[in-house]
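Participant: sequence unknown, structure follows:
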């Protein structure tokens, strides 16, 4: 048992919110897991708000809802630019975009997912025919393979990635929460520093190696999650319809 | 319970080896899971040998050992061409290659994995700098992104893929066996027809949706495995050294 | 953009008739989401959500929602027995590889050639293309569901779309609160008309030319 | 290509001294595989295998082998507590992204610039490059382990490799049964000599010029 505890200590990345927030500062390029708010890490987002960080460059699937998840950073005016696929659920994003206060760059959703993964995999990018013949092809290199045309979609990386895990062990092995997985394992691979907040931090050796979604090598810091601190839109609609 | 059984029946892909072998014929382009034989599907390989199929075009990581796994097809002279990354563990492959009886095309291992995945993902290919400055770049298109040079590595697909699963449910959801995972989930996505042999076929609903590695949509046929019918090289070395 | 509850349910119910045994089906945000609650008895389809679920079913009962089990529109769903979770690259890998038998998508505009516009109202609403380009370009069958006319009464089924396109020649079938229209090489064919309307109503509310067969069903 | 058991163990044992706490380490096929059994007490490293394991340990005891738990060389291993399994794209994603602190690889030839040749003997042995190109090009530190000379006595540490290269300027340290040699911008520096040999022995067995510091350690 002493040997195990020694190894757990030697490999541990468990730290505090305060320590983790040292890596997220004005202007940081920040990737986040989550889809419609589910998988956005609540404790880290609250921490970023409290710390007063601004001018963030975000990369992630969507901007959730105005008072939910990553949307809270948009609403609070902390974001300078975002690379995303869909902002329809958050009208504040659209307003800031139209008033010139927020730069928004769109990718088709599957392409965005692959661009982030490519960054995480150390690839230069991927070739896809999705979006050919639409505005999604504007400004992109094209290449022909066996006579068929593909867009060159370049890899995306970030300085920091934040994710909401279900369980984490001290080495940073992660599992996610049902549909909270979505972009999380992708952004976890694509940043220089990956911070996971976990609903449960378990001892080394207690996760099933067959079921780990993000291997610990990708994770730099693990902090405990305080849990979701917002109301989901469907909770508010309930009873009112 | 009647409802569940009806659904299980409606979605079931469980079939026989005989039925599965109808899709593997002379000249078939065949991908296989496995690494050093571990993950090569024993029952399907035995079936291919028994059926007398020849002139196969194989795509997979390596050629195992002469009497192990996919190596048995090489040794029996059933393969016309192979796209692979490493044949060092199977001297028969090298002999057939030098005598002009087997065409061998090499990719760096990580690049081969990505090319197969790209095929499975419906991508045209990926961009990588691995192999630049070596023979691995011969004959390949290059592209520059922000001044940095990448090789264009094209997607690979196949007519049929065969994998060895641990558990399968009737819909074709799969888990694999420890280090038997390797290329298996990649080839399972990249073929027109994917056939899984499983050590255990479990009822619909009994696999944990968080731990399924290959979603059933990728699998066309599930058959029961007879288990490994070869000796591993380390078993033969044991005691003799 | 809200349409009356009855019209939304009408459209969703009719769209659900397109579901056939064994199909892998993706439902877009909005009206398409409702289709999961209208699967005909005895029909077994597998719903895929691009946030990483293959195998979800009806909406949960009030009070039984799981906040971490939602469809791509952010609404709670339930799982079916064949369910698996995966990341968004796998979700879109399935789509891009052509494994979706059917996608049912909302539409801002549809042209007579089946061009689909559903991601931006220039100068006004910019939701972003989300997964619509991937889905519309790659699914084996694309059904567009929409109110027949826009809120201001202007037609949404047009000779040419005026909004930026999601995908060219993508839509196979249009289902609205007034009609079911098939996109064919010859043009738009009126297949069915809602009980509350006549063929003439539909023709007047449609800017694109319609081919009217001898037999037009009612729904 | 077999070297005597003692020499193999000697090389593996010395290579294990390069392991530092917390490192992520990949071991190539052959002699490098043996390093997992020589991790110094109190040093905690995480071994990665390109067939999809992060976190394996020593060889199992005879009779306790798991045929489905092997390293990339096909030899049975045991798991450590931080272990996870993944597919080969993830295994090589880690490598390509530069997350491997150290890789220990076998070598056919190493040049004085650190060029590595280890995948083909033209006209004779064609194992294929496997994962060596990925590893040699992307790991933060590359240690080449090899017999100092080939079976026919010819040197393997050369001014230029004559076999096709795996990667240019990849190797940082060469560990053989005779010596430990560092690859520096100034050239090859002899750091250590095996007990059984003298500096002169090493110089004679090395075709590339060696820089001999005042102090050469023994190992």
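Facilitator: The structure has been received and is ready for your questions. The shown structure was predicted, so the numbers you read here are calculated from the model rather than taken from an experiment.
Participant: Quickly find the element holding residue 182.
Facilitator: Since you didn't name a chain, this refers to chain A. Using DSSP states H and E, residue A:182 maps to neither a helix nor a strand.
Participant: wrong chain, I was asking about chain C
Facilitator: Assessed by DSSP H and E, residue C:182 sits inside strand C:179-184.
Participant: any residue of stretch C:31-50 up close to chain B?
Facilitator: Yes - with CB under 8 Å from any CB of the partner chain as the criterion, chain B is reached by stretch C:31-50 at C:42, C:44, C:46, C:48. For glycine as for every other residue, the C-beta is placed from the backbone atoms N, C-alpha and C.
Participant: rewinding a little: quick one: work out the angle between the next helix or strand after the strand holding residue C:182 and strand C:179-184.
Facilitator: Once strand C:179-184 ends, the next helix or strand along the chain (criterion: DSSP H and E) is strand C:187-193. Strand C:187-193 and strand C:179-184 are oriented at 150 degrees to each other (axes from the mean of the first three to the mean of the last three CA atoms, to 10 degrees).
Participant: any idea which helix or strand comes after strand C:187-193?
Facilitator: That would be, after strand C:187-193 and using DSSP H and E, helix C:199-204.
Participant: The following helix or strand past that next one pairs with which strands?
Facilitator: For helix C:199-204, the following helix or strand on the C-terminal side (DSSP H and E) is strand C:210-211. Strand pairing for strand C:210-211, determined by DSSP bridges: strand C:187-193 (parallel).
Participant: so how far is the partner strand from its chain's centroid?
Facilitator: 16 Å (CA atoms, centre = their mean, to the nearest Å).
Participant: Please enumerate residues in contact with that strand?
Facilitator: C:14, C:112, C:157, C:174, C:178-183, C:199, C:201-202, C:206, C:208-213, C:216-219 (CB atoms under 8 Å, 6 or more residues apart in numbering or on different chains).
Participant: Nearest the middle, which residue of chain A would you pick?
Facilitator: For chain A, the residue nearest the mean C-alpha position is residue A:32 (1.7 Å; CA atoms, centre = their mean).
Participant: Contact partners for that one?
Facilitator: Residue A:32 neighbours (CB under 8 Å, 6+ apart): A:40, A:41, A:58, A:59, A:60, A:70, A:161, A:162, A:163, A:183, A:187.
Participant: Give me the subset of those residues that lies in strands.
Facilitator: Counting by DSSP state E, the part of these found in strands is A:58, A:59, A:161, A:162, A:163.
Participant: Format those residues as CSV; extra columns: distance to residue A:172 and neighbour count.
Facilitator: Listed next are the ones in strands among the contacts of residue A:32 as CSV, based on distance: CB to CB, whole Å; neighbours: other CB atoms under 10 Å in any protein chain shown:
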residue, distance to residue A:172, neighbour count
A:58, 23, 23
A:59, 21, 26
A:161, 12, 32
A:162, 13, 33
A:163, 11, 32
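Participant: Distance check, residue A:170 against residue A:223.
Facilitator: 12 Å (CB to CB, to the nearest Å).
Participant: Spit out the residues that contact these two alike.
Facilitator: Shared contacts of residue A:170 and residue A:223, defined by CB under 8 Å, 6+ apart, are found at residue A:14.
Participant: which of those two has more neighbours?
Facilitator: residue A:223 (25 against 22; other CB atoms under 10 Å in any protein chain shown).
Participant: Dump the contacts of residue A:32 to a markdown table, plus pLDDT.
Facilitator: Listed next are the contacts of residue A:32 as a markdown table, based on pLDDT from 0 to 100:
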| residue | pLDDT |
| --- | --- |
| A:40 | 98 |
| A:41 | 98 |
| A:58 | 98 |
| A:59 | 98 |
| A:60 | 98 |
| A:70 | 98 |
| A:161 | 98 |
| A:162 | 98 |
| A:163 | 98 |
| A:183 | 98 |
| A:187 | 98 |
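Participant: so which of those are also by chain C?
Facilitator: Among the contacts of residue A:32, the residues within reach of chain C (CB under 8 Å from any CB) are residue A:183.
Participant: what are the ranges of the helices in chain A?
Facilitator: A:2-11, A:17-21, A:42-51, A:71-75, A:91-98, A:109-120, A:184-190, A:233-237 (DSSP state H).
Participant: Take those and write them to a markdown table, including distance to residue B:100 and mean neighbour count.
Facilitator: Below are the helices of chain A laid out as a markdown table (distance: least, CB to CB, whole Å; neighbours: other CB atoms under 10 Å in any protein chain shown):
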| stretch | distance to residue B:100 | mean neighbour count |
| --- | --- | --- |
| helix A:2-11 | 51 | 14 |
| helix A:17-21 | 60 | 16 |
| helix A:42-51 | 60 | 19 |
| helix A:71-75 | 63 | 24 |
| helix A:91-98 | 62 | 18 |
| helix A:109-120 | 38 | 28 |
| helix A:184-190 | 43 | 30 |
| helix A:233-237 | 66 | 13 |
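Participant: and chain B, which of these is closest to it?
Facilitator: Across the helices of chain A, chain B has its closest neighbour in helix A:109-120 (7.0 Å, CB to the nearest CB).
Participant: and the closest one, is it in reach of chain B?
Facilitator: Yes - using CB under 8 Å from any CB, helix A:109-120 comes into contact with chain B via A:114, A:118.
Participant: what's the least confident helix or strand in chain C, going by average pLDDT?
Facilitator: helix C:5-16 (a mean of 91; mean pLDDT, DSSP states H and E).
Participant: from the chain's centre, how far out does the following helix or strand past it sit?
Facilitator: Following helix C:5-16 in sequence order, the next helix or strand is strand C:24-27 (DSSP H and E). The chain centre lies 10 Å from the centre of strand C:24-27; the measure is CA atoms, centre = their mean.
Participant: Number of residues surrounding residue 213?
Facilitator: Unless you meant another one, I'm taking chain A. Neighbours around residue A:213, by other CB under 10 Å: 22.
Participant: I was thinking of chain C, sorry if that wasn't clear
Facilitator: Neighbours of residue C:213 (other CB under 10 Å): 10.
Participant: For chain D, what's the nearest residue on chain C?
Facilitator: For chain C, CB to the nearest CB, closest residue to chain D: residue C:89, 10.2 Å.
Participant: Let me know the secondary structure of the residue lying farthest from the centre of chain C.
Facilitator: Note on chain C: the largest C-alpha distance from the chain mean falls to residue C:63, namely 27.9 Å (CA atoms, centre = their mean). Three-state assignment for residue C:63 (DSSP: H, G, I helix; E, B strand; the rest coil): coil.
Participant: ok, residue A:12 - how many residues close by?
Facilitator: If you count neighbours by other CB under 10 Å, residue A:12 ends up with 16.
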